[in-house]
Structures are given as C-alpha cells and as structure tokens.
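Undergrad: Any chance you can model this:
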Amino acid sequence: MQFVPIESYLGKPSTQGKEYNINYSLVTRKEDARCEEEDVSKQEEDGDRPEKVMIWEKMEKEEKKKVWEPLSETFNVAGQEITIKLALDSYGALIWPAARALCEYLENNKEEIDMMDKAVLEIGAGTGLVSIVSCLLGAWVTASDLSDVLGNLRYNLSKNTRGRCRYTPQVAAMAWGHNLQRNFPHSVFRYDYVLAADVVYHHDCLDELLVTMEHFCRPGTTLIWANKVRFECDHTFIQRFKDAFDTTVLAEVPEEEIIIFKATFKTNWD
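TA: Have a look, this model is predicted:
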C-alpha cells in the first residue's frame with residue numbers, strides 16, 4: 001500500500017505561508033485555551049465539572065484503545081473458538097470472503113474431504129484461517145505465503161492450534177512461480193491436498209499462481225480453490241484453470257459470488 005503525501009494534493013506551501021499558518025495556529029490555540037478556561041470556570045460554577053471530566057477521560061481512553069488495540073475476528077469452527085489477528089497494511093493480513101466459505105465447506109463436508117492425517121499445503125495463507133481449520137480437522141499443515149506476512153501468520157497459527165491439534169502446523173515462505181523445484185522438489189514435497197482461497201484478484205502474478213498450482217497438484221493430489229469472482233480477469237483465470245486440470249465445482253455461494261473448485265492432475269490432454 002502506497003501512502004501519498006498530503007502535499008501532493010494541496011501543493012507544497014511557501015515559506016511565508018508556513019510562517020503565517022504557524023502564527024495563526026498559535027493564536028488559535030491561545031483563543032481555544034482561553035475559551036476552555038472560561039468553559040471550565042462555568043462548569044465549576046455549575047458544580048458539574050467532575051462528572052463531565054470523568055466522561056471525557058473515559059471517552060478519550062476508549063478512543064486510544066481503539067487506535068492501538070490490534071484488530072481481530074473470532075470464529076467458531078470444528079467445536080473450537082478461533083481468534084484471528086488482522087492488520088490493515090497488507091492483502092495477506094485480512095480475512096477474505098472465500099476463506100470463510102472454504103472453512104465452512106471443509107467443516108460441513110468432512111466425509112467427502114477427509115483431512116484426518118492428511119498432508120495439506122495452503123498457498124497464499126494470509127492470516128492462516130484456512131490452515132487453522134485444516135489443523136483442527138486433523139491435518140498436517142504447511143501454510144505458505146510471502147515473507148512479509150509470515151509473522152502474523154505464525155502468531156495466528158500458534159495461538160489457535162497449540163494444544164488443540166494432532167500436528168504442529170509449519171510455515172513456509174513462498175513466492176509464486178519462483179524457485180519452486182529448488183525449494184519444494186517433487187521428490188520431497190508431496191501433499192494430499194493443496195488449498196487456496198481468494199488468491200485470484202486484480203494482481204500481476206496470475207501466471208505465476210497457475211505455475212505454482214501445477215507444480216504442487218501432482219498425481220494423487222487434490223487441489224481445492226475457493227474464490228470470489230470480481231473481475232473479468234477472474235473469469236479468464238478460471239478458464240485457464242479448467243484447461244490445466246480436471247475440475248469440478250464443489251459448491252457455489254451465489255449471494256457472495258463465490259465458487260469452490262476441486263481439481264486434480266490432468267491425465268488426458270486434448
């Protein structure tokens with residue numbers, strides 16, 4: 001996320017203007033202080049100052065708490081309460097709609113998608129919600145994403161799985177399409193399930209994403225991908241996805257425009 005300096009909108013002020021603004025602010029603060037003193041005197045005369053001051057201090061304290069307290073969301077999945085710490089400085093530190101939908105699907109379809117004792121990789125894990133749910137369902141999970149979101153991902157995984165799961169989840173740094181065979185060779189890294197939620201949106205790494213999906217979705221692996229369909233590029237990627245794998249639609253959430261796909265290695269190429 002790029003922050004644009006306010007000067008770029010307002011224009012850079014001249015030195016003279018800056019001095020004038022500073023002097024004006026000083027005068028304004030003095031006037032405000034004088035008015036506040038008068039208001040306080042009036043409140044003291046009215047005998048209600050202590051109550052108002054206490055109310056103001058309480059409101060100020062609550063506002064400060066809102067600013068500094070980390071954002072979080074709480075879910076109840078697989079009989080467990082999950083608390084996810086969020087951040088506003090990265091796409092990977094938010095919970096996107098398809099992640100919720102995929103978690104609900106996995107919980108409600110445990111017989112069809114049996115996670116117990118399965119090796120699971122999540123690509124683009126973000127906050128880790130899908131990986132956490134997979135752990136709670138009995139899977140041995142590796143959650144992967146870019147290195148700059150791994151700190152929050154590790155925190156959420158540890159907080160929500162420690163002492164609750166059969167296996168301790170692993171975290172791996174992964175840049176889609178880069179050094180996959182070197183860092184994740186087929187001879188070592190084989191998974192029963194590869195999971196992905198809301199990894200397709202308006203970004204420049206769709207080719208690399210498909211390469212990554214193809215790298216991990218080998219014979220014997222099932223890829224489950226859930227996504228909210230937002231843009232024309234999403235439809236284009238879906239078609240490329242169908243061309244690359246044998247696919248079926250597991251579920252749809254029409255009101256949220258979410259589709260959950262199941263894909264396997266394509267054995268017969270046209």
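Undergrad: So which residues of the stretch 151-270 of the chain form strands?
TA: With strands called from DSSP state E, counting those that start in this stretch, the stretch 151-270 of the chain shows them at 170-173, 193-197, 222-228, 245-253, 258-265.
Undergrad: Next, format these as TSV and append mean pLDDT.
TA: Converted to TSV, the strands of the stretch 151-270 of the chain look like this (pLDDT from 0 to 100):
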stretch	mean pLDDT
strand 170-173	98
strand 193-197	98
strand 222-228	98
strand 245-253	98
strand 258-265	98
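Undergrad: most centrally placed residue in the chain?
TA: Against the mean C-alpha coordinate of the chain, by Cα atoms, centre = their mean, the closest residue is residue 94 at 2.5 Å.
Undergrad: Excluding residues flanking it in the chain, which one is nearest that residue?
TA: Nearest residue to residue 94 in three dimensions, chain neighbours excluded: residue 86, at 5.9 Å (Cβ to Cβ, 6 or more residues apart in numbering). Where C-beta positions appear, they are placed from N, C-alpha and C, glycine not excepted.
Undergrad: measure the one you found to residue 131 for me?
TA: Look at residue 86 and residue 131: by Cβ to Cβ, to the nearest Å, they are 15 Å apart.
Undergrad: So for the two, which sits in the more crowded spot?
TA: Legend: neighbour count by other Cβ atoms under 10 Å for residue 86 and residue 131, higher for residue 131 (31 against 16).
Undergrad: Just confirm the more buried one is within a helix.
TA: Yes: membership of residue 131 in a helix is supported by DSSP: H, G, I helix; E, B strand; the rest coil.
Undergrad: check contacts around the nearest residue in space to it that is not next to it in sequence.
TA: Once flanking residues are discounted, residue 131 sits nearest to residue 143: 3.9 Å by Cβ to Cβ, 6+ apart. When contacts are counted by Cβ atoms under 8 Å, 6 or more residues apart in numbering, residue 143 touches 122, 125, 128, 131, 153, 157, 169, 170, 171, 172.
Undergrad: Apply 10 Å and report the result again.
TA: 120-132, 134-135, 150, 153-154, 156-157, 169-172, 174, 195 (Cβ atoms under 10 Å, 6 or more residues apart in numbering).
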